[in-house]
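> Here's a sequence, model it:
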Amino acid sequence: MIKIRIHAIAGIIAFLTILTFWLSTLISETLGSHADIAAVENAIL
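Okay, here's the model as predicted:
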């Protein structure tokens, strides 16, 4: 039972991490300057 809960929590954390990276890229590319895009891409990598 504890393994299922840990797996679920890890899945939520992984999903939120990917979502954060994706949203930061999307926002910087639609609203930001070239410097903003480069900063976000460097932070992700």
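
> measure Phe21 to Ile6 for me?
As defined by Cβ to Cβ, to the nearest Å, Phe21 lies at a distance of 23 Å from Ile6. Where C-beta positions appear, they are placed from N, C-alpha and C, glycine not excepted.

> where do the helices sit along the protein?
2-31, 34-44 (DSSP state H).

> where does this protein have low pLDDT?
Along the chain, no part satisfies pLDDT under 70.

> And Phe21 and Ile6? Which one has more around it.
Each of Phe21 and Ile6 has its neighbours counted (other Cβ atoms under 10 Å); Phe21 has more, 13 against 10.

> Setting the sequence-adjacent residues aside, check what's closest to the more buried one.
Nearest residue to Phe21, sequence neighbours excluded (Cβ to Cβ, 6 or more residues apart in numbering): Ile44, at 5.4 Å.

> For that neighbour, give me its contacts.
Contacts here follow Cβ atoms under 8 Å, 6 or more residues apart in numbering; on that basis Ile44 touches 21, 24-25.

> and those as a markdown table, adding distance to Ala39?
Shown next, in a markdown table, are the contacts of Ile44 (distance: Cβ to Cβ, whole Å):
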| residue | distance to Ala39 |
| --- | --- |
| Phe21 | 13 |
| Ser24 | 10 |
| Thr25 | 11 |
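
> I'd like to check what contacts stretch 18-26. Which residues are they?
Stretch 18-26 is contacted by residues 40-41, 43-44 when judged by Cβ under 8 Å, 6+ apart.

> Would you list the buried entries among those residues?
Buried residues within the contacts of stretch 18-26, defined by neighbour count using 16 or more other Cβ atoms under 10 Å: Val40.
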